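S.K.: A structural model of the following input is requested.
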Amino acid sequence: MARLLLLLADRLNPDAPLTQRLFSWRGDLSPHGDSVPLRLAGALHAHVLRAPDSELARAYPPHEVSNEKLWGAINQTLSAEAEFLDAFLNSPPQTNEVRRSAAALPAALVVADHFGLPLTLSELGASAGLNLTFDRYAVQIGGQSYGALDPALTLTPDWTGPPPPAVPLTVIDRRGVDLNPLTAPEDAQRLRAYLWADQPERRVLTNAALALPRPQIDRADAADWLEERLSQIHTGSTHFLFHTIAWQYFPDAVQARCETAIQAAADHATPDAPLAWFSMESDNGAGGEGAKLTLRLWPGALVLDLGRADFHGRWINWS
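M.R.: This next block holds a predicted model:
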């Protein structure tokens, strides 16, 4: 990917309608805005996935080629597949990193151990819902497996700190929300397009998660959805609300409304209908690298600092 992006930076010219669009893009091209380089990289990989016998596919991993051959294949694709690439560029990048379940699953084990009840799951910014089925996964820590007894996939983060509770986990209901849910059959290929060709381990995990029955993901504003979702009392289960690297993308007004809805639900939480709110979110490095892991529990208004995690779940520093 580094070679690909450097070649594009060095050699791309506005000599065709597609590349003219890239050079004249209005707005912020960076990861803080429209992420145009990421869109182009995803578009090229999407072509590789749909045309495995193409010239570009023969220049992508696992094949090893020179920069000249790689650039030749890129240049040919930019011309021959301009219509496909142009359409792909219209949508912003959207991923669903299943390895973030390496943090969500242990947090859910803490909740199950604390309240002793099955879980009702609600995920904000759920995308394709791959982390909404974390109870079907396992996390391998120090030679021991935590989570599902017959897991659809096993996550192996570099774990430091004590292990989570080794307790059974039962989910009785699950739903998520996203402004643009990736739940259509063609969306799976878009997800795969943003898992780079030199990252086979991510593709294996994502394919295993995609093979599971898809949970319901509602297309809605997070605040509107959450107000309705939290108004439903699930007696006999803990409502486990969670989000992973999503909160930062919500407008301030949406965050405020979500917090108000959560506090209202917290005020009505009881021992037989408790509420848990887990977040894996950036705090701009205030406490160190990666994302901060925070778990809030009601009744009791407990706030637990669970540690930090790599944004893609490659390591967990559990506290």
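
S.K.: for stretch 311-319, which positions count as buried?
M.R.: Within stretch 311-319, the residues scored as buried using 16 or more other Cβ atoms under 10 Å are 311-314, 316-318. Yep, even glycine has a C-beta here, placed from its N, CA and C like the rest.

S.K.: ok, those residues vs Lys69, which is closest?
M.R.: Lys69 lies nearest to His312 out of these, by Cβ to Cβ, at 29.9 Å.

S.K.: all strands of the stretch 1-150 of the chain, in order?
M.R.: 119-124, 137-141, 144-147 (DSSP state E, counting those that start in this stretch).

S.K.: quick one on the thing from earlier: mind checking which of the buried residues of stretch 311-319 land in strands?
M.R.: Those of those mapping onto strands are 316-318, per DSSP state E.

S.K.: tell me which of these is nearest to Ala273?
M.R.: Trp318 (27.9 Å).

S.K.: dump the residue contacts of the closest one.
M.R.: 106, 159-164, 293, 306-307 (Cβ atoms under 8 Å, 6 or more residues apart in numbering).

S.K.: and this protein, what are its domains?
M.R.: According to the domain assignment given by automatic domain parsing, the chain is divided into the following structural domains: 2-88, 98-318.

S.K.: just name the most buried of the ones you listed.
M.R.: Of those, the one with the most neighbours on average (mean count of other Cβ atoms under 10 Å) is domain 98-318, at a mean of 18.

S.K.: how far is the helix or strand of the chain with the lowest mean pLDDT from where the chain is centred?
M.R.: The least trusted helix or strand in the chain, going by mean pLDDT, DSSP states H and E, turns out to be helix 185-193, with a mean of 90. Here the centre of mass of C-alpha atoms in helix 185-193, compared against the chain's by Cα atoms, centre = their mean, to the nearest Å, lies 14 Å away.

S.K.: and what of stretch 148-159?
M.R.: The gap between where stretch 148-159 is centred and where its chain is centred comes out at 17 Å by Cα atoms, centre = their mean.

S.K.: got the CA coordinates for it in PDB?
M.R.: What follows is stretch 148-159, C-alpha atoms only, in PDB (Å, rounded to 0.1, in the frame of the first residue of the first chain):
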ATOM      1  CA  ALA A 148     -18.100 -18.600  22.400                       C
ATOM      2  CA  LEU A 149     -17.400 -22.200  23.000                       C
ATOM      3  CA  ASP A 150     -17.600 -23.000  19.300                       C
ATOM      4  CA  PRO A 151     -16.500 -19.600  17.800                       C
ATOM      5  CA  ALA A 152     -17.000 -18.500  14.200                       C
ATOM      6  CA  LEU A 153     -13.600 -16.800  14.500                       C
ATOM      7  CA  THR A 154     -10.900 -16.300  17.100                       C
ATOM      8  CA  LEU A 155      -9.200 -13.000  17.800                       C
ATOM      9  CA  THR A 156      -5.700 -13.000  19.000                       C
ATOM     10  CA  PRO A 157      -4.700  -9.500  20.200                       C
ATOM     11  CA  ASP A 158      -1.400  -8.800  21.900                       C
ATOM     12  CA  TRP A 159      -2.900  -8.700  25.400                       C
END
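
S.K.: tell me which stretches of the stretch 151-300 of the chain form strands.
M.R.: In order along the chain, the stretch 151-300 of the chain carries the following strands (DSSP E, counting those that start in this stretch): 153-155, 158-160, 171-178, 216-219, 238-244, 275-281, 291-298.

S.K.: need those strands in JSON lines (columns: mean pLDDT).
M.R.: Compiled in JSON lines, these are given as follows (pLDDT from 0 to 100):
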{"stretch": "strand 153-155", "mean pLDDT": "98"}
{"stretch": "strand 158-160", "mean pLDDT": "98"}
{"stretch": "strand 171-178", "mean pLDDT": "97"}
{"stretch": "strand 216-219", "mean pLDDT": "96"}
{"stretch": "strand 238-244", "mean pLDDT": "98"}
{"stretch": "strand 275-281", "mean pLDDT": "98"}
{"stretch": "strand 291-298", "mean pLDDT": "98"}
